[in-house]
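In: Show me the folded form of this:
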Amino acid sequence: MSGPVALIGAGEFLPGMASLDRLLLDGISRSRPRVVILPTASAPDGEAVFRGWAEMGRAHFAALGAEVECVLVRNVEEGFDAAALQAIGEADLVYLSGGKPDHLRSVLTGSPLGAAIRTAHARGAVIAGCSAGAMAIAEVQADLRRRRLPWPIRWTAGASLVPGVVVLPHYDAWPETILALMVLQAPRHLVVLGIDEDTGVVARDGHCQVHGRGRVTVWRRRRRERYRRGESFRI
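Out: Residues are numbered from 1 along each chain as shown. Okay, the predicted model is just below:
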């Protein structure tokens, strides 16, 4: 049975997300769950930032009692590394942290890394994505690369671990009038999840539950619904 997927708006490896991460670990039938930290999305920001996110993830999940391995895949070429793919294959939880969503998508689609994550998920591993990581594991993601005109938005295929969904992270950090324009350009058959910072959604088999301090805004075309901690909805 496929494992749950956690989509987080922002705040990975910080105290505000510890209760959600502990919940994810508690659902794993192993005394010391194996966690893989994948900071790939932050690689364009430089080696210090990239390694900083890896170390934050290692320290955070080690404090929660997990066995942690940081898989330092920076680019497509490193996405072919056998040791990295083996680590993901053995993981109980794979965590994709934030950064540049288009870079992460290019690595997941241009190397075996994306397929390894999908295989891990299919055998029951938990997959968690924060910010860019959350965007990348939805069905499609907005193409945010700089170009002359920002509109209309281009949409590209994601890993589709949560089919039927688009994720807009950092939802409370932007004026909703701007975000609504993005929502209205999303493919018509998809549900858009606007996830606030320090907030997450745990999804499994179409059932979703909200965790964290903020809200999740669910857009079904022009219809908008809000959900807070402990509340559930279906997609």
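In: burial of residue 233, as a residue count?
Out: When neighbours are counted by other CB atoms under 10 Å, residue 233 registers 17. Every residue, glycine included, has its C-beta placed from N, CA and C.
In: Report the separation between residue 86 and residue 69.
Out: Residue 86 sits at a distance of 10 Å from residue 69 (criterion: CB to CB, to the nearest Å).
In: ok, these two, which is more surrounded?
Out: Applying other CB under 10 Å to residue 86 and residue 69 shows that residue 69 carries more neighbours, namely 20 against 12.
In: Quick check: phi and psi at residue 185.
Out: Backbone torsions of residue 185, given as degrees, to the nearest 10, read phi -90, psi -10.
In: That one and residue 154 touch, don't they?
Out: No. With contact defined as CB atoms under 8 Å, residue 185 and residue 154 do not form a contacting pair (9.4 Å).
In: Now do the SS call for residue 109.
Out: Put simply, residue 109 is helix when judged by DSSP: H, G, I helix; E, B strand; the rest coil.
In: Apart from its chain neighbours, what residue comes closest to it?
Out: Sequence neighbours aside, residue 157 is the residue nearest to residue 109 in space, at 7.4 Å (criterion: CB to CB, 6 or more residues apart in numbering).
In: so what's the closest residue in space to residue 153 that isn't next to it in sequence scoring on pLDDT?
Out: Spatial nearest neighbour of residue 153, excluding adjacent residues (CB to CB, 6+ apart): residue 185 at 4.7 Å. At residue 185, the model reports a pLDDT of 92.
In: what's the distance between residue 185 and residue 55?
Out: Residue 185 is 38 Å from residue 55, by CB to CB.
In: so where's this protein uncertain?
Out: 145-151 (pLDDT under 70).
In: got the CA coordinates for the longest helix along it in CSV?
Out: Across the chain, the helix with the greatest residue count (assigned by DSSP state H) is helix 47-63. The C-alpha trace of helix 47-63 is given here as CSV (Å, rounded to 0.1, in the frame of the first residue of the first chain):
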residue,chain,number,x,y,z
GLU,A,47,27.0,24.9,-1.4
ALA,A,48,26.8,26.5,2.0
VAL,A,49,23.0,26.8,1.8
PHE,A,50,22.6,23.3,0.3
ARG,A,51,24.6,21.7,3.1
GLY,A,52,23.0,23.9,5.7
TRP,A,53,19.5,22.6,4.9
ALA,A,54,20.9,19.0,4.9
GLU,A,55,22.4,19.5,8.4
MET,A,56,19.2,21.2,9.7
GLY,A,57,17.2,18.2,8.5
ARG,A,58,19.7,15.7,10.0
ALA,A,59,19.6,17.4,13.4
HIS,A,60,15.9,17.9,13.4
PHE,A,61,15.0,14.3,12.7
ALA,A,62,17.8,12.8,14.8
ALA,A,63,16.3,14.7,17.8
